[in-house]
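Undergrad: fold the following.
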Amino acid sequence: MKKIILGLMAAALLGGAAFGENINDLLKTKKELRFNKDGKFRVLVLSDIHATEYTIPANVQANIKYLVDAEKPDLVIFNGDTVRVMYSEEKLRSCFKSIVGYIEQKQIPWAHVYGNHDHEHGLSKEEQQKICESFEWCVTERGPTDIDGVGNCVLPVYSSKSNKIAYNVWLLDSGHYIAGNIHKGIALKVLPFSGSDAAYYDFIKFNQIKWYVEASEMLEKHNGAKIPGLMAFHIPLQESYFAWQNKDELEHTGSYGDNAIHGPAINSGLFAAILGRGDIKAIVNGHDHKNDFMVKYVGVKLCFASTPSTLGYHSAEILGGRVFVMDENKPEEIETYMSYINKPRETVKVTKAVSSKAAIDFEKDDSSIKITGLYGEWSDLVHKGTIKTKLVDGKGVNGSKALEIMSTEFLPSAWRNNFEARIGMPVEKAGLVGEAKYMKFYMDLTGVTTAFDFRKASAGFYINSVLTTPCAALNNRKPSGPMKFYYKAEGSTEWKEMTHGDDSCFGAHQGSSVNGFKGWFAFPIADMRVKDDDSMVPTPKTPIYGAYFYIGPLSQNMANNPIYIDHIYFDKDL
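TA: A predicted model of the protein is given here:
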């Protein structure tokens, strides 16, 4: 525990550090952090999960898993407002297990800071901290007890070449609301600064700043050189607003989706202290879920991490986390970028429109096929292992090979039988929407024991190369209600029109039965939306990496009765 005692007069008179006797506490973490052999250290920052239940939804868990797998971090930081309404230890422990479970499984150290919501309507930050520290791979510490906040600490990252500290990761508690400081003589009536419409957000206190400055000086003395650092806290500084307003004169990336910086009404002087020390190379904040920008101001990168969660307000286009890459061979530089759920990684970036000839046709076994429960994860809603797939001859277009999907049982509650099928294109077939207007595919529902029909179903495509990301599937959801789709029976040349039900699905319970149909379907791309966020509309530059099907069998008769899918492609004409 880093218990740094500030303001000891005897130490000051002797000319030593006020908390020098605790240098060993500063040098240790529960899990040692060290640069890799390539000289790099990667940090993934995830902010504003806003969990309120015993577990977070499977789609948010999948988003966290995707980012961890995609970025392979050496440290994960949860940058505040992770939880809310945690009124019991049991609930908080269960909730955090669902948030960090995969990270713990991968044995990746993780840390956290507190936001303005974490302690609301529930356990105090002190109580939460004890539970968080009980997780094996949590490296946050309670921090000094004689300064404001909980979790103020520094995590040293050691060189790959020696036992010297190559980088520091600083964590600060940015508080919650100004009103909480009335007892310390701070008036409730304060004025908002020009970047925000709110005057009630808290600020980092003088004693925290003093702790950072003195701890930084002490570590520099111990190390024999100034140590560059990354600093994380939840509520942004006023300087982030001023820098963004002058972004055209500065290095910058990202967007200002909140149209505000909801920073503190009082400028505590932390940024000035950081400039004075000259060690912090980047600051990362959360709080404003639709801000994902970075702006470099007087040598410090001021950054936002949007959010990977759909539990709070969010923009589907920038769901994700912020990544920092430190290089011990270039300590004065720090690379940072946003890693998005709904945008392709550059390593598989596509630049040309998808070709109508680049179909998923199953003649070659080169498509990845993944069957899951709802939102990309199995749960008690669907019995894992009851959905079978295989490639079969003679059931596709003109007697070609097709994908067979079959459920081997039917549960009593019809909705518990719903599942998702994700079919990935080979990378070389992937492309942009371009001029394509329709997603088309061939389907055989004639069945074996009886004609097949859906209780409800939907179709769409994937906009991310990683198919385990459920919120990256565009399917035919649209907030305006019923929409048209089209079908053409095998052997016919005429497309006929049908309409979805109110919840954007088709099927027997949606007034659009397709019982026993065999032929082609066509779904307008313009009507498709990202799952869980109807605001995200596909454009010609939207990438297509695979097909998505949401399937709900109609009845018990559908058990052991296969459906066949073939020749999925994207076309500009009906």
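
Undergrad: contacting residues for K164?
TA: Applying C-beta atoms under 8 Å, 6 or more residues apart in numbering, we find K164 in contact with Y158, N223, G224. All C-beta spots, glycine's among them, are computed from the backbone N, C-alpha and C.

Undergrad: again, only this time at 10 Å
TA: Shown in contact with K164 (C-beta atoms under 10 Å, 6 or more residues apart in numbering): P156, Y158, H222, N223, G224, A225, I227, E328.

Undergrad: stretch 207-219: how far from the chain's middle?
TA: 32 Å (C-alpha atoms, centre = their mean, to the nearest Å).

Undergrad: cool, stretch 259-269 as well?
TA: Taking C-alpha atoms, centre = their mean, one finds stretch 259-269 lying 25 Å from the centre of the chain it belongs to.

Undergrad: residue ranges with poor pLDDT in the stretch 451-574 of the chain?
TA: By pLDDT under 70, the weakly predicted segments of the stretch 451-574 of the chain are 464-482, 530-536.

Undergrad: strands along the stretch 251-400 of the chain, start to end?
TA: 252-253, 280-285, 294-297, 300-304, 320-327, 334-340, 368-372, 387-392 (DSSP state E, counting those that start in this stretch).

Undergrad: returning to that earlier point: filter the contacts of K164 to the buried ones?
TA: Taking 16 or more other C-beta atoms under 10 Å as the criterion, what is buried in the contacts of K164 is P156, Y158, H222, I227, E328.

Undergrad: which of the contacts of K164 sit farthest apart?
TA: Greatest spacing in these, by C-beta to C-beta: H222 and E328 (17.5 Å).

Undergrad: same list (the buried ones among the contacts of K164) but as a markdown table, adding secondary structure and pLDDT.
TA: What follows is the buried ones among the contacts of K164, written out as a markdown table (DSSP: H, G, I helix; E, B strand; the rest coil; pLDDT from 0 to 100):
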| residue | secondary structure | pLDDT |
| --- | --- | --- |
| P156 | strand | 97 |
| Y158 | strand | 97 |
| H222 | helix | 94 |
| I227 | coil | 97 |
| E328 | coil | 96 |
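
Undergrad: and of the residues you listed, the nearest to A166?
TA: Using C-beta to C-beta, the shortest approach to A166 within the buried ones among the contacts of K164 belongs to E328, at 4.3 Å.

Undergrad: what pLDDT is listed against the residue most central in space within the chain?
TA: Nearest to the mean C-alpha position of the chain, by C-alpha atoms, centre = their mean, lies P308 at 2.2 Å. Model confidence at P308, given as pLDDT, is 94.

Undergrad: now do the contacts for L302.
TA: Applying C-beta under 10 Å, 6+ apart, the residues near L302 are 236-237, 239-244, 250, 252, 261, 271, 282-285, 293-296.

Undergrad: same check on E220?
TA: Taking C-beta under 10 Å, 6+ apart, we find E220 in contact with I165, N168, K226, I227, R277, D279.

Undergrad: mind checking what secondary structure it has?
TA: helix (DSSP: H, G, I helix; E, B strand; the rest coil).

Undergrad: how near is it to N22?
TA: To N22, E220 is 16 Å away according to C-beta to C-beta, to the nearest Å.

Undergrad: ok, F410 next?
TA: 64 Å.

Undergrad: same check, this time on L445
TA: From L445 over to N22 the distance is 71 Å, taken as C-beta to C-beta.

Undergrad: H176 now?
TA: Note on H176: its distance to N22, by C-beta to C-beta, is 28 Å.

Undergrad: who has more neighbours out of the two?
TA: Higher neighbour count among H176 and N22: H176, with 23 against 18, using other C-beta atoms under 10 Å.

Undergrad: correct me, but that one touches R84?
TA: No: assessed by C-beta atoms under 10 Å, H176 is found out of contact with R84, at 11.4 Å.

Undergrad: touching both of those two, which residues are there?
TA: G115, N116, H117, D118, H119, E120.

Undergrad: export those as TSV, with columns for distance to S513 and neighbour count.
TA: Listed next are those as TSV, based on distance: C-beta to C-beta, whole Å; neighbours: other C-beta atoms under 10 Å:
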residue	distance to S513	neighbour count
G115	49	29
N116	50	21
H117	46	21
D118	49	28
H119	52	20
E120	48	15
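
Undergrad: where does confidence bottom out across these?
TA: Least confident of these in the model: E120, at 86.

Undergrad: low-scoring stretches of the stretch 301-450 of the chain, by residue?
TA: Residue ranges of the stretch 301-450 of the chain with pLDDT under 70: 343-351, 365-368, 370-385, 413-415, 427.

Undergrad: ok so, going back, which of the shared contacts of H176 and R84 sits closest to I318?
TA: G115 (18.5 Å).
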